[in-house]
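# I would like to see how this sequence folds:
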Amino acid sequence: MNSVAVIGAGELGGLLAHVLARRDAVSEVRLIDDAGGIAAGKALDIEQAAPIERFATRVAASADVSAAGGSTIVVLADRAKGGQWSGDEGLMLLTRMVGLIGNAVIVCAGPETRELIERGVRELHVPRERLFGSAPEALTAAVRAIVAL
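Purely as a prediction, here's the structure:
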């Protein structure tokens, strides 16, 4: 796996970028957010932790979503200013990503992405194998926990 693009430098996006870098799972993590200064600051913090945490993953930041081009995986996380991607705005971003990243996998991270995933598959005809999210697993785990009680 060469690179992962994390769209959104909010709490979830920043943490995800740090965990991916720390695990040396990819050669590069691209942290992308409209608030480019926040994304750049988080990327710098992560890179400065590399010698201490002993990882070699490169972390780059950008304010332009076209920086996701060429990534193996694209994660739609929470924005630094504006929260999670959802509704028509999320669908517009997803449309742009589908045209930009080719056959890369798109992961919608966060608890409110079910509708975005559904619309991406139904309206944009993104193959189900390429578009999925973390929220359905959280829902499944919650249902199992309630049933166990």
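# surely residue 98 touches residue 121?
No: Residue 98 is beyond contact range of residue 121, at 11.2 Å (criterion: C-beta atoms under 8 Å). For every residue, glycine as well, the C-beta is placed using N, CA and C.
# those two: which is more packed in?
Neighbours were tallied for residue 98 and for residue 121 using other C-beta atoms under 10 Å; the higher tally belongs to residue 98 (18 against 15).
# pLDDT at the more buried one, what is it?
Confidence at residue 98, expressed as pLDDT, is 89.
# now it, what's its secondary structure?
What DSSP: H, G, I helix; E, B strand; the rest coil gives for residue 98 is helix.
# any idea how far it is from residue 88?
Noted for residue 98: a distance of 15 Å to residue 88, by C-beta to C-beta, to the nearest Å.
# beta-bridge partners for the residue nearest to the spatial centre of the chain, please?
Nearest to the mean C-alpha position of the chain, by C-alpha atoms, centre = their mean, lies residue 75 at 2.0 Å. With DSSP bridges as the criterion, residue 75 is bridged to residue 6, residue 107.
# so it makes contact with residue 5?
Yes: counting by C-beta under 8 Å, residue 75 touches residue 5, with 7.1 Å between them.
# OK, contacts around the closest residue to residue 81 other than its chain neighbours?
Nearest residue to residue 81 in three dimensions, chain neighbours excluded: residue 35, at 5.2 Å (C-beta to C-beta, 6 or more residues apart in numbering). For residue 35, the contact set (C-beta atoms under 8 Å, 6 or more residues apart in numbering) comprises 9, 63, 79, 80, 81.
# residue 55: which of these is nearest?
Using C-beta to C-beta, the shortest approach to residue 55 within the contacts of residue 35 belongs to residue 9, at 19.0 Å.
# helices of the chain, start to end?
With DSSP state H, the ranges of helices along the chain come out as 11-22, 36-53, 87-101, 114-123, 135-148.
# angle of the second one against helix 11-22?
Spelled out, it's helix 36-53. 40 degrees (axes from the mean of the first three to the mean of the last three C-alpha atoms, to 10 degrees).
# how about helix 36-53 as CSV, C-alpha atoms only?
The C-alpha trace of helix 36-53 is given here as CSV (Å, rounded to 0.1, in the frame of the first residue of the first chain):
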residue,chain,number,x,y,z
GLY,A,36,-5.0,24.0,5.3
GLY,A,37,-3.2,25.6,8.2
ILE,A,38,-4.8,23.2,10.7
ALA,A,39,-4.0,20.2,8.4
ALA,A,40,-0.4,21.4,8.0
GLY,A,41,0.0,21.9,11.8
LYS,A,42,-1.3,18.4,12.5
ALA,A,43,0.9,16.9,9.8
LEU,A,44,4.0,18.7,11.2
ASP,A,45,3.2,17.4,14.7
ILE,A,46,2.9,13.9,13.5
GLU,A,47,6.2,14.1,11.5
GLN,A,48,8.0,15.5,14.5
ALA,A,49,6.8,12.5,16.5
ALA,A,50,8.5,10.1,14.1
PRO,A,51,11.9,9.9,15.7
ILE,A,52,10.4,9.3,19.1
GLU,A,53,7.7,6.9,18.0
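# no further queries at this time; thank you.
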